[in-house]
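Engineer: got a sequence here, can you model it:
(one chain, ligands or ions: 1)
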Amino acid sequence: MTAFYKSMNTDRDANRREKWKRHREQTSDFIREVTDLISRKGSIAVFGAGNCDDLELELMTSNYDKVVLIDIDKEAVKQGISYLPEVDRQKIEIIETDLVNMSTFREEFSKKLEENLPKKKLSKYLRSIQLKNEEFHEAYKGAFDVTVIAAIQTQLFYNEAVFILSERGGYLTTDEIKDITLDLVYVRDQVIPSFISMVYDCTKDDGYMIQWTDIIEINHSNVAMLDEIEKLYTGKDRINYVNKMCNSYGIPAGVNSYKLFYKRINSEYGKFLMRYWRWPFADNKHYFVVGLYGQKGV
Ligand SMILES: C[S@@+](CC[C@H](N)C(=O)[O-])C[C@H]1O[C@@H](n2cnc3c(N)ncnc32)[C@H](O)[C@@H]1O
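Structural biologist: Alright, predicted model coming up:
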């Protein structure tokens, strides 16, 4: 685990759990609705549990035999569950793992930049890598009745990769940096589908999948969308509108994940649900979030 995620998880508003109450109500509604739909309540796994500020943990511990909280930052999760009574905590398993094998990439990419590897070779390296946690994937195939992806998507890979490039890529020209950034975009666009596929594989065949993700950072040029969307009456119109806004303002990893997820669940009427809401991530950063759930598609 690196300082990069550690600082994100520790550098947070002390009242964040309170400020995320509304956000948590939305995520809890999803968990509640899926819990009502699924007959077998063996295990529920959360990918990106972190500080658990977006999770109503008792809702899971009181309904499932086992609650598996997965994150690269075990300390954040331990802290996140510390307020629970012992009886609830006993149902929780924490898995500390790097879900996209970022640590190998971090080490390799940093080393190559430190050695001033020429741009051409860097591009070749980036175009050839596959960021996967094969060990986790193999170990947990078909393991969970319900899987939950808790806004981890936009944190996977890209921001840290750009940060490493900015820290260590000083020897490259501006044009070379632009090219390498495009290579990083290429990798990002591989990471999300492979991550969604892994979560899909870890879900039992008749299980349910839930995800929420930040898809648009709200700012003065797009804030009107929150009112505009309310004026649309059909689900289809709303989806079309959100897709249009994503084209202009979308956070690529979030948008990609939302579209791919939709393809992996049974999208017949009544078999899935999609909702949108505002997430006050920090005082100066609010996101438009899309949440979806559905039965694993066949
Ligand atoms: C935006 S947070 C999600 C919010 C979180 N549920 C909470 O309430 O704090 C994303 C989480 O993903 C985790 N994460 C980021 N990259 C990861 C990776 N490669 N493997 C596992 N977890 C990762 C971070 O440590 C962080 O806790």
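
Engineer: and the strands in the stretch 151-298 of the chain, which stretches?
Structural biologist: Along the stretch 151-298 of the chain, the stretches classed as strands by DSSP state E, counting those that start in this stretch are 203-217, 272-282, 285-295.

Engineer: which stretch in the ones you listed has the least confidence?
Structural biologist: Per-stretch mean pLDDT for the strands of the stretch 151-298 of the chain is lowest at strand 272-282 (a mean of 91).

Engineer: mind giving me the packing neighbours of it?
Structural biologist: helix 21-37, helix 235-249, strand 285-295 (3 or more CB pairs under 8 Å, 6 or more residues apart in numbering; DSSP states H and E). C-beta: built from backbone N, CA, C; applies to glycine.

Engineer: the ones you listed: which one's closest to the ligand?
Structural biologist: Taking CB to the nearest ligand atom, helix 21-37 is the member of the helices and strands packed on strand 272-282 nearest to the ligand, at 8.7 Å.

Engineer: could I get the helices and strands packed on strand 272-282 in JSON lines, plus columns for distance to I180 and mean neighbour count?
Structural biologist: Formatted as JSON lines, the helices and strands packed on strand 272-282 follow (distance: least, CB to CB, whole Å; neighbours: other CB atoms under 10 Å):
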{"stretch": "helix 21-37", "distance to I180": "35", "mean neighbour count": "16"}
{"stretch": "helix 235-249", "distance to I180": "25", "mean neighbour count": "14"}
{"stretch": "strand 285-295", "distance to I180": "27", "mean neighbour count": "21"}
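
Engineer: coming back round to it: can you put the strands of the stretch 151-298 of the chain in a markdown table and add distance to E108?
Structural biologist: Below are these laid out as a markdown table (distance: least, CB to CB, whole Å):
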| stretch | distance to E108 |
| --- | --- |
| strand 203-217 | 27 |
| strand 272-282 | 31 |
| strand 285-295 | 31 |
